[in-house]
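> Provided below for reference: sequence and predicted model.
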Amino acid sequence: MGVYFSISALLFLIVFASIFFLKGKIQNKETKIYGKLLLVTIIGLILEIVTCIWYQNGADISSFLYQFVSKVTASYYLVWSYLLCSYSMGICDFDSKKQKIIARIFPFIYVLVLILPIEYTKLSSTIVPGGMSVNLIYLVCIIFTCIDFYLCIRYRKEINKSKFTPLYAFILIGSINFILTFWYQELFLLGFIFALVTFIMYFTIENPDVKMITELNKNRLLVNQTNEEKSNFLFLASNQIKEPIKKIQELSHNSYSIKNINDLQEVVKEINNLSHSLSYQVENVMDISTLTNSNIKKIENKYNLNNLIEKVRLQKEKNISSKVDFRVNIGKNMPKYLYGDSKLLEQIISSVLNNAIKYTDEGFIELNVNTITKYDMCRLMIEVADSGCGMSIDKVNDLLMLDEPLQEKEQSRLETGDVDINTIKKIVSKMGGYFTIKSEENRGSEVKIVIDQKMDMEGNIEFDKYLAKEKALIASNDMSFLNSLIKLIREHGLEVETSIYANDVLDRIRIQEEFSYIFLDDNLDKRALEVLKELKKNPKFKAKVIVMLNKDTEVIKEHFISDGFSDYLIKDNLLEEVNRILK
């Protein structure tokens, strides 16, 4: 009687398996185990049907061939129970050492099942297998079921309840079938139950649509690049602070030996100029706490920032001497659309460039545009540097101290682009922005403008938790080397993220970002071994850590392995080393 249930289950599962394997899916641990479970179930059902029909057509149950096929059929229940148990341990993140022990013991049990004798009990229309081989199968299946039950109870509060639905179904339906077999031994429904549980499991595994995942992965990569750009910008901005601080300390120290009052006043002016630069960098650029809605001018004009910068570039490069190298650098992951006075912003950038063009006969003019985002707000940072004639410290300090309102006459001149730097500062202040300038006579000037704008959230990027690729994290402050390594690692199909200082690596692991590989430069602000020791304090840390060494430290590479690194990478042999490590 049970064979009819097996036939119906087989026909359904063949159609179902065709859809599952032909449709794109994410190759994670759950889908891999489920795929094996599906195949084993189909093969088991086929064996059940074959042995039943074979017996009904007069098979010799004492023959070696029939008994061997019967043992293989019976062992299907063993393999299926083992795979279900593996699935349970996987979703519960059960002790990996214990999982490995079970995985190593299982093949010996399977071989033992095939060796031990099998016996048959004849009923009216069928036979029921028994004997030492079948008893061992029942025993091991009961053990696996007990493990499943334990995991359901132990991790019921930590794992999504739907994950345990197949286990609950198997324990409940299996128990009912076990009881029924005491009265109806010919009602053999175990294969049908396995098929039913396998079908139920499909709706609980992590198997989102591949097309959706592809898009999410693209978006996730863009978001990570944005975060890296912000992190790198802040790191470089903090380094820019070190230079004026060092200069102030040097000037302060030298001032003790200055006797001439005029020379001393010059030193004070220079210190004052440097302090303004520091104050601007810290308060108006790096302090993200000031990036709030209350500080942003509410203007419902939507504009494309990249198009605006490109328009300015095309206009200005026509007016620049061939002796001047005009460079425009735009952050790769700026928001596509912002809300604000785009016309006024364009006029400000044009006017600053006009001043740079006017006073620069040769050398360079460089326009840099970067952003820092926070929620739906964007801090727009514009910098224009040139190698022109520059300004005296007195003029710079007077400009920085300027605090006068914008006159209507000055604003009307802005349309022509014929405005001086004083007027530009007033207009930026009117927009709620910040302005600073650093200049030296005969060496050039550097104008920095910060304006906060609202972002268009419709164009913003969101991403999901699903990841289709393994990830590698590279930590190095050698930007040229970093770019070369990123390209090589991506060729091996890995998603790559970067960091330029050690604490950022530690923070990423602390918030449980997962990486398959971490490449650590031994020339970071912390030594690689120190970082590794901190990483290993995290009990969930599993990534392979590769130390990156210069040629002169290659002789001690084996010491790094003994210190706990997974491998080493010699920078001078980059292509060969990456291929060796990621082969």
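Perfect, thanks for sending it.
> So Phe106 sits against Ser81, correct?
No: taking contacts as C-beta atoms under 8 Å, Phe106 lies outside contact range of Ser81: 10.3 Å. To be clear about C-beta, it is placed using only N, CA and C from the backbone, and glycine gets the same treatment.
> who has more neighbours, these two?
Set Phe106 next to Ser81 and count neighbours by other C-beta atoms under 10 Å: Ser81 wins out with 22 against 17.
> quick one: that one and Phe149, what's the gap?
According to C-beta to C-beta, to the nearest Å, Ser81 and Phe149 sit 12 Å apart.
> For stretch 112-128, buried residues please.
Going by neighbour count (16 or more other C-beta atoms under 10 Å), the buried part of stretch 112-128 is Val113, Ile118, Tyr120, Thr126, Ile127.
> List the ones among these that fall in strands.
Tyr120, Ile127 (DSSP state E).
> Present the buried residues of stretch 112-128 as TSV; the columns should include distance to Ile245 and pLDDT.
Output for the buried residues of stretch 112-128, formatted as TSV (distance: C-beta to C-beta, whole Å; pLDDT from 0 to 100):
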residue	distance to Ile245	pLDDT
Val113	75	88
Ile118	84	86
Tyr120	90	79
Thr126	90	70
Ile127	90	75
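> Kindly indicate which of the buried residues of stretch 112-128 lies nearest Arg379.
The nearest member of the buried residues of stretch 112-128 to Arg379, counting by C-beta to C-beta, is Val113 at 67.8 Å.
> just checking, the closest one touches Ile137?
Yes: between Val113 and Ile137 there is a contact under C-beta under 8 Å: 5.9 Å.
> Quickly list what's touching both of these two.
Common neighbours of Val113 and Ile137, using C-beta atoms under 8 Å, 6 or more residues apart in numbering, are Ala74, Ser75, Leu78.
> ok, the second one - how many residues close by?
For Ser75, the count of nearby residues is 21 (other C-beta under 10 Å).
> Which residue ranges of the stretch 301-450 of the chain form helices?
Under the criterion DSSP state H, counting those that start in this stretch, the stretch 301-450 of the chain contains helices at 305-316, 342-358, 393-401, 408-414, 421-430.
> mean pLDDT for the ones you listed: which is lowest?
Lowest mean pLDDT within the helices of the stretch 301-450 of the chain: helix 408-414, at a mean of 71.
> would you say Gln512 is within a helix?
No: in this structure, Gln512 is coil, not part of a helix, as judged by DSSP: H, G, I helix; E, B strand; the rest coil.
> Now do it, the pLDDT please.
Turning to Gln512, the model gives it a pLDDT of 75.
> Can you tell me how far it is from Pro539?
Distance, Gln512 to Pro539, using C-beta to C-beta: 12 Å.
> Please say which of the two ends up with more neighbours.
Comparing Gln512 with Pro539 by other C-beta under 10 Å, the one with more neighbours is Gln512, at 9 against 6.
> May I have the residues that are in contact with that one?
Lys540.
> now with 6 Å?
By C-beta atoms under 6 Å, 6 or more residues apart in numbering, the contact list for Gln512 is empty.
> Distance of it relative to Ala543?
Using C-beta to C-beta, Gln512 is found at 12 Å from Ala543.
> same deal with Glu513?
Look at Glu513 and Ala543: by C-beta to C-beta, they are 10 Å apart.
> So between those two, which is more surrounded?
Relative neighbour count places Ala543 above the other of Glu513 and Ala543, with 17 against 14, counting by other C-beta under 10 Å.
> these two touch, right, that one and Ile518?
Yes: proximity of Ala543 to Ile518 meets the contact threshold set by C-beta atoms under 6 Å, at 4.9 Å.
> what's the neighbour count on Ser88?
The tally of other residues near Ser88 (other C-beta under 10 Å) stands at 25.
> Next, it: secondary structure please.
Following three-state DSSP, we place Ser88 in the helix state.
> what does Lys526 give?
Using three-state DSSP, the structure places Lys526 in coil.
> Setting the sequence-adjacent residues aside, check what's closest to it.
Counting by C-beta to C-beta, 6 or more residues apart in numbering, the nearest residue to Lys526 once its immediate chain neighbours are dropped is Ala502, at 3.8 Å.
> Look up phi and psi at that neighbour.
Main-chain dihedrals, Ala502, degrees, to the nearest 10: phi -70, psi -40.
> Domain boundaries for this protein, per the record?
As assigned by automatic domain parsing, the chain contains the domains 2-207, 215-459, 471-581.
> For those domains, which has the smallest mean pLDDT value?
Lowest mean pLDDT within the domains of the chain: domain 215-459, at a mean of 78.
> picking up where we left off before, intersection of neighbour lists for Glu513 and Ala543?
The contact sets of Glu513 and Ala543 do not overlap (C-beta under 6 Å, 6+ apart).
> residue ranges for the strands of the protein, please.
Listed in chain order, the strands of the chain (DSSP E) span 119-122, 127-130, 302-304, 324-330, 337-339, 363-374, 377-386, 434-440, 444-455, 471-475, 495-499, 517-521, 544-549, 567-570.
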